[in-house]
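*Asks:* model this:
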Amino acid sequence: MRITNKMMTNNMLSNINKNKISMSKLEEQYSTGKKIQKPSDDPIITVRALKLRTNLSELTQYYDKNIPDAMSWMDVTESALTTVNRILKDINTYCVQGSSDTLKATNRKSIVQNLQQMQAQIYQEINSNYAGRYVFTGYKTDTPMVFDEKPKNISYEIQEQFKGEQIEYKNKVVGAYNLTNIDDPSIPNDDPPQMTDVYRIQLSYDNIDHDIADISISYKEGNDVFTITPLTTYYSYEEDAYQPTNGAHIISDTGEIILSKDAYDKLKNSTNIDIKYKKSSFEKGDIRPEHYFDCTKEDLDAGKTITFTKTDAATGKKISQDIEYEINYNQKLIINTEASDAISLKVGRDIDEILNCVNDVIKTEEKIAEVEKRLEDSSLTEDERERYEKILEHLNTELELKEEIMQKAFSNGITSSHNAQDKLNAAISDLGSRYVRLQLTESRLSSQKVDFEELLSTNEDADIVDTIVKFTSVHTLYNASLQAAAKLVQNSLLNFL
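*Replies:* Predicted coordinates for the structure are as follows:
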């Protein structure tokens, strides 16, 4: 085969160009630190890099954003629940002190003032928010747990559900004296104040609307629904408020349902008692009903009505409003705790009742002081003195009975705070178990992130040492090819002739 000069020249240029291309690739790898510069350089590395980068991007989203945000939310929740737990312990301690026989009513009133502050603080704790989102309100993260100010022209129709076992057996004093007509000769009568036993359902709110048309009591027996009638509304200071003979008495200012024996017998074994009532007077700091109960809110100014549903009508079970975060591939975690699952409103209502009992005792002591002051008047006739002494005797009986009820109210506060702590501890335990899962997932994602970063580096990054060795070799080869070519192209046609 004849080798021409042109053939040698073309081969020379081709080989020089190949060496130059190889040197250029290695120079790019060395300067960029990457094996390839464009997908066509190595499609297999490209496909693998795209997959690894997608996986790493998802891991970064979970590890650097979703999990820290979930942890922050749960940290705020845990902090609030832990504070409430400490408050409940203090409430329990104060109730133990208040149940002591040695304390006067004025001392107990100081205790009640502390209890009221603690009650308000509990409501503020469950009003906690994270980044502007309220953490205990379920899906309604933009709605505070409590009223930030006294609402105007707002009315709620509230539906509360009870079981027969929640009906309480309470003591009330009947026949107490009102001294506004103390100079009336018909006072006192021959019957002293007496203790009466009542069956009571305590609503979650006091000062409900007094209109009997806005109140209903129904219960189920199998699939049949029955109602309790008649219903009569009273205020707690009315003489017959706590002595129902038929149906139920609604004590609107204290938020109590007082059942007759007949009504109690109908409800005591029921597992589904529905009580509907309206409340239009709320104060700043009161719990919003929509976070705990099925209710209908009527905005009288805006002329609109909103219905809130917390219970499944078919099953009667609470509808959970779980906020879930995706913390890993196809793995979600509930991060929120609803207030209705953690905080019982019963404690607050028992504190209200303790306050009412203490105030009743103080009022009775004031009435006794007034009568004793009248007895100091030397100008009293014998009949008047005898009448005042009888009034005083009856008032002392009333005081003993109300002090007994007051002590029982403090004792109920002890039980109520214990029960509230049990419910709260269960919620804290549930939150803690979810937080541990989140920490375990975070730890696993941290390891996975390191592994994927190593895989991505192995797939994409050039070995600098190896690249330098190869570049030096190719550079030497390139220079050698240039030198060989220089010697070859020096020969002209005359040299061959």
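
*Asks:* next helix or strand past the helix or strand in which M23 is found?
*Replies:* Secondary structure here is read from DSSP states H and E; on that basis M23 sits in helix 5-32. Note on helix 5-32: by DSSP H and E, the next helix or strand toward the C-terminus is helix 43-61.

*Asks:* buried ones in stretch 363-370?
*Replies:* K363, T364, E365, K367, I368 (16 or more other C-beta atoms under 10 Å). All C-beta spots, glycine's among them, are computed from the backbone N, C-alpha and C.

*Asks:* And the fourth one, how far from A241?
*Replies:* From K367 across to A241, the span is 19 Å (C-beta to C-beta, to the nearest Å).

*Asks:* Also the second one?
*Replies:* Here the criterion is C-beta to C-beta. By it, T364 lies 17 Å from A241.

*Asks:* ditto for the third one
*Replies:* Shown here: E365 relative to A241, a distance of 22 Å by C-beta to C-beta.

*Asks:* cool, the first one as well?
*Replies:* Distance of K363 to A241, given as C-beta to C-beta: 16 Å.

*Asks:* repeat for the last one
*Replies:* Going from I368 to A241 by C-beta to C-beta gives 23 Å.

*Asks:* what about the strands in the stretch 251-400 of the chain?
*Replies:* Under the criterion DSSP state E, counting those that start in this stretch, the stretch 251-400 of the chain carries strands at the ranges 256-259, 273-279, 294-299, 304-308, 324-328, 331-334.

*Asks:* What average pLDDT does the second one get?
*Replies:* This means strand 273-279. Per-residue pLDDT over strand 273-279 has a mean of 95.

*Asks:* Listing partners with orientation, what would you give for it?
*Replies:* Strands adjacent to strand 273-279 in the sheet, as given by DSSP bridges, are strand 154-162 (antiparallel), strand 216-221 (antiparallel).

*Asks:* returning to that earlier point: can I get the buried residues of stretch 363-370 in CSV with distance to T467 and pLDDT?
*Replies:* Supplementary listing: the buried residues of stretch 363-370 in CSV, determined by distance: C-beta to C-beta, whole Å; pLDDT from 0 to 100:
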residue, distance to T467, pLDDT
K363, 94, 89
T364, 96, 91
E365, 96, 90
K367, 100, 89
I368, 101, 91
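
*Asks:* These in helices, which ones?
*Replies:* Among those, the members falling in helices are K363, T364, E365, K367, I368 (criterion: DSSP state H).

*Asks:* E400: which of these is nearest?
*Replies:* Distance ranking of those against E400, using C-beta to C-beta, places T364 first at 9.5 Å.

*Asks:* can you tell me which residues contact that closest one?
*Replies:* A176, L395, E398, L399, K402 (C-beta atoms under 8 Å, 6 or more residues apart in numbering).

*Asks:* Skip the chain neighbours and tell me the closest residue to it.
*Replies:* Closest residue to T364 apart from its sequence neighbours, by C-beta to C-beta, 6 or more residues apart in numbering: L399 at 4.7 Å.

*Asks:* How about K20?
*Replies:* Among residues not flanking K20 along the chain, Y478 sits closest, at 6.1 Å (C-beta to C-beta, 6+ apart).

*Asks:* how close does the one you found get to F471?
*Replies:* From Y478 across to F471, the span is 10 Å (C-beta to C-beta).

*Asks:* shared neighbours, these two?
*Replies:* With C-beta under 8 Å, 6+ apart as the test, Y478 and F471 both reach M23.

*Asks:* for the closest residue to L203 other than its chain neighbours, what are its contacts?
*Replies:* Closest residue to L203 in three dimensions, ignoring its sequence neighbours and counting by C-beta to C-beta, 6+ apart: G255, at 4.1 Å. Contacts were defined as C-beta under 8 Å, 6+ apart; by that measure G255 touches Q202, L203, S204, Y205, D206, N207, I208, R349.

*Asks:* cool, T227 as well?
*Replies:* T227 makes contact with S216, I217, S218, Y219, according to C-beta under 8 Å, 6+ apart.

*Asks:* of all those residues, which comes closest to T180?
*Replies:* Taking C-beta to C-beta as the measure, T180 sits nearest to I217 out of those, at 33.7 Å.

*Asks:* Sketch out the low-pLDDT regions of the protein for me.
*Replies:* Counting by pLDDT under 70, the chain has low-confidence residues at 1-5, 26, 41, 186-190, 461, 488-497.

*Asks:* Would you point out which residue is most central in it?
*Replies:* A centroid search over the chain (C-alpha atoms, centre = their mean) returns F136, at 2.3 Å, as the residue closest to the centre.

*Asks:* Does I215 touch Y277 like I think?
*Replies:* Yes: applying C-beta atoms under 8 Å as the test, I215 and Y277 come out as touching, 4.7 Å apart.

*Asks:* Mind listing the shared neighbours of those two?
*Replies:* Joint contacts of I215 and Y277 (C-beta under 8 Å, 6+ apart) are I208, D209, I250.

*Asks:* In strands only, show me those residues.
*Replies:* Secondary structure defined by DSSP state E assigns I250 of the shared contacts of I215 and Y277 to strands.

*Asks:* out of the shared contacts of I215 and Y277, who's nearest I323?
*Replies:* I208 (31.9 Å).
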